[in-house]
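S.K.: How does the following fold in three dimensions:
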Amino acid sequence: MKKKITLPEILACKHGNKIPTMVTCYDYTNARLVDESDIDMILVGDSLGMTMIGMKGTVGVTVEDIIYHTKHVVAGAPNTFVVGDMPFGSYNVSIEEAIRNANRIFAEGGCDCVKLEGGADVAPVVKAIVKAGIPVCSHIGLTPQTQALMGGFKVQGKSLEAAQNLLDSARALEEAGAFMVVLEGIPATLAAEITKRISIPTMGIGAGVGCDMQVLVAQDMLGMTEWVPKFVKKYADLRTVILDAYNEYVKEVNQKVFPSELYQYNAKIDGLETLK
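M.R.: Model (predicted):
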């Protein structure tokens, strides 16, 4: 059985130690599978809005949604470091409200840290949450909660000015006390440069091999959806496996070959013919 990775061990990956890996997970059953694997970390992301609830984006996800899914993931993966996402609206009203919501996700969800999107503008929020005693993972680059301001899900940091802004944000978040920062949807060369220039680990998603760690959405990497982003490698084709299983089940039921004697209770009951 694996041992849960600790925050100091995550920080140590900056010095060439083991490279931690993370996947998204939103339910108990899949959390148990992750816990039995070599995966180090789980993100209970607001991406659950799309993958689990059927929303078009992440904006409608609530604190209650995150807490509900996080506590079940924590129950299923006691040996895996769990990150609870702070959804849209939970930290952009006031610092006091941000601390209150971070407290709820951390305490009621039972996760090991919280994550929130935003650059230098949210550094004061990060600092306050850390001061309240909660470890914080930051998230810059393509930030899905504010993708409307970016014109959609587009690669960020493609100009020198934009690259400098992302580096400045990473530094500001580091200074605020974040222990790691997710780099999403930015050029690999920029991600590698940011990784070299800050002392906290970077977690890449669509940001190249130069990041200290990597994360993927489980449904994408497992091939449960037909379309995946360019940066995703499908390590399995579960969509086909699941559809084939469903259709084979329907076929066997219609052909009266399921359930066979192997899958039914066969106790003998004397006198059944006398039932009225």
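S.K.: what are the ranges of the helices in the stretch 51-200 of the chain?
M.R.: 63-76, 95-109, 123-131, 160-176, 188-197 (DSSP state H, counting those that start in this stretch).
S.K.: possible to save these as JSON lines with distance to Glu226, mean pLDDT and mean neighbour count?
M.R.: The C-beta positions use only the backbone N, C-alpha and C, and glycine is treated the same way. Formatted as JSON lines, the helices of the stretch 51-200 of the chain follow (distance: least, CB to CB, whole Å; pLDDT from 0 to 100; neighbours: other CB atoms under 10 Å):
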{"stretch": "helix 63-76", "distance to Glu226": "24", "mean pLDDT": "98", "mean neighbour count": "21"}
{"stretch": "helix 95-109", "distance to Glu226": "31", "mean pLDDT": "98", "mean neighbour count": "18"}
{"stretch": "helix 123-131", "distance to Glu226": "37", "mean pLDDT": "98", "mean neighbour count": "20"}
{"stretch": "helix 160-176", "distance to Glu226": "31", "mean pLDDT": "97", "mean neighbour count": "17"}
{"stretch": "helix 188-197", "distance to Glu226": "26", "mean pLDDT": "98", "mean neighbour count": "18"}
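S.K.: Just put these in JSON lines and tack on distance to Val257.
M.R.: Below are the helices of the stretch 51-200 of the chain laid out as JSON lines (distance: least, CB to CB, whole Å):
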{"stretch": "helix 63-76", "distance to Val257": "34"}
{"stretch": "helix 95-109", "distance to Val257": "45"}
{"stretch": "helix 123-131", "distance to Val257": "58"}
{"stretch": "helix 160-176", "distance to Val257": "59"}
{"stretch": "helix 188-197", "distance to Val257": "52"}
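S.K.: So for Gln145, which of those helices sits nearest?
M.R.: The closest of the helices of the stretch 51-200 of the chain to Gln145 is helix 63-76. By CB to CB, the value is 12.6 Å.
S.K.: shaky segments in the stretch 151-276 of the chain?
M.R.: For the stretch 151-276 of the chain, residues meeting the criterion pLDDT under 70 lie at 151-153.
S.K.: Strands of that one, start to end?
M.R.: Taking DSSP state E, counting those that start in this stretch as the criterion, the stretch 151-276 of the chain contains strands spanning 180-184, 202-205, 213-216.
S.K.: May I have the second one as CSV, with CA atoms only?
M.R.: Spelled out, it's strand 202-205. Taking C-alpha atoms only, strand 202-205 is exported to CSV below (Å, rounded to 0.1, in the frame of the first residue of the first chain):
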residue,chain,number,x,y,z
THR,A,202,4.9,23.8,-11.1
MET,A,203,2.1,21.4,-12.1
GLY,A,204,1.6,21.3,-15.8
ILE,A,205,-1.5,20.7,-17.9
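S.K.: Quick one: closest of the helices of the stretch 51-200 of the chain to Thr143.
M.R.: That would be helix 160-176 among the helices of the stretch 51-200 of the chain, by CB to CB, at 10.4 Å.
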